[in-house]
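**Q** Got a sequence here, can you model it:
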Amino acid sequence: DNEQVPPQISAIEAEPSGPMAPANSQLMEISKNKTPLKQNAMISEAFKAYQAGQFESAEKLYQNALQDDPDNRDIYLGLAASAINRGDRESAYKHYLKLLDLDPDDALALSSLISLSNNSDPVKDESIIKTLINKEGNLPYLYFALGNIYAKQLRWPDAQEAFFNAYRLDSTNPDYVLNLAISLDNIGQYTTALDFY
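**A** Presented below is the predicted three-dimensional model:
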């Protein structure tokens with residue numbers, strides 16, 4: 001995430017300089033914009049704090065970055081994740097709502113809102129997630145959200161299938177692995193569950 005932002009190239013009007021220069025010639029001016037580099041560095045620092053489990057520090061860093069870029073999706077995702085890890089579901093909910101305000105089709109924000117909702121309608125939520133899967137394709141977090149909906153209803157075979165699809169698409173996410181193991185346990189596949197634990 002420390003990738004360099006390419007120089008911005010902008011055309012500027014220039015006076016012809018000498019007999020060979022055509023009328024209305026354009027010169028290219030190359031300048032480096034330091035704001036994106038600074039912004040990327042702040043977001044990167046916030047993410048490192050998040051990965052280190054320093055959620056309050058991460059949140060402060062994301063808030064600082066937000067002042068310079070109030071519509072940055074990565075910042076809102078970081079703020080929501082930090083809030084969840086601090087146990088502040090209400091703030092996380094607000095950050096996901098802001099993401100939907102920026103992009104009503106943001107599947108990650110919508111599935112995260114559904115996962116956060118305690119008083120949701122499981123039939124409606126299942127329908128929304130399945131529609132998103134059909135529209136967005138195979139995204140692991142959508143299957144994970146679907147698995148959680150099934151697990152809340154104790155529909156363990158369905159949950160196991162959804163968690164397996166999330167794991168199949170991203171085997172590095174520990175939440176997907178753990179929930180797959182729990183669902184396997186609940187359908188009596190103890191040996192397979194043990195492998196995932």
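**Q** helices and strands around the lengthiest helix in the chain, which ones?
**A** Among the segments of the chain that qualify as a helix by DSSP state H, the longest is helix 34-51. For helix 34-51, the elements it packs on are helix 55-68, helix 73-85, judged by 3 or more C-beta pairs under 8 Å, 6 or more residues apart in numbering; DSSP states H and E. For the C-beta atoms, the positions are set from N, CA and C on the backbone; glycine is no exception.
**Q** gap between the most centrally placed residue in the chain and residue 133?
**A** Closest to where the C-alpha atoms of the chain average out (C-alpha atoms, centre = their mean) is residue 77, at 5.1 Å. Counting by C-beta to C-beta, to the nearest Å, the gap from residue 77 to residue 133 is 20 Å.
**Q** What of residue 60?
**A** Distance from residue 60 to residue 133, by C-beta to C-beta: 36 Å.
**Q** what pLDDT does the nearest residue in space to residue 193 that is not next to it in sequence get?
**A** Distance criterion C-beta to C-beta, 6 or more residues apart in numbering; nearest residue to residue 193, sequence neighbours excluded, is residue 184 at 3.7 Å. Residue 184 carries a pLDDT value of 88.
**Q** Can you name the helix or strand that residue 184 falls in?
**A** For residue 184, the enclosing helix or strand under DSSP states H and E is helix 174-186.
**Q** Please name every helix or strand in contact with that helix.
**A** When contacts are defined as 3+ C-beta pairs under 8 Å, 6+ apart, helix 174-186 sits against helix 140-152, helix 156-169, helix 190-196.
**Q** And for the residue nearest to residue 154 when sequence neighbours are not counted, the neighbour number?
**A** Nearest residue to residue 154 in three dimensions, chain neighbours excluded: residue 186, at 7.9 Å (C-beta to C-beta, 6+ apart). Here the count is done by other C-beta atoms under 10 Å, and residue 186 has 16 residues near it.
**Q** Next, the contact list for residue 186, please.
**A** If you count contacts by C-beta atoms under 8 Å, 6 or more residues apart in numbering, residue 186 has them with 154, 156, 159-160.
**Q** Flag the shaky bits of the protein, pLDDT-wise.
**A** The model of the chain has pLDDT under 70 over residues 1-38, 117-120.
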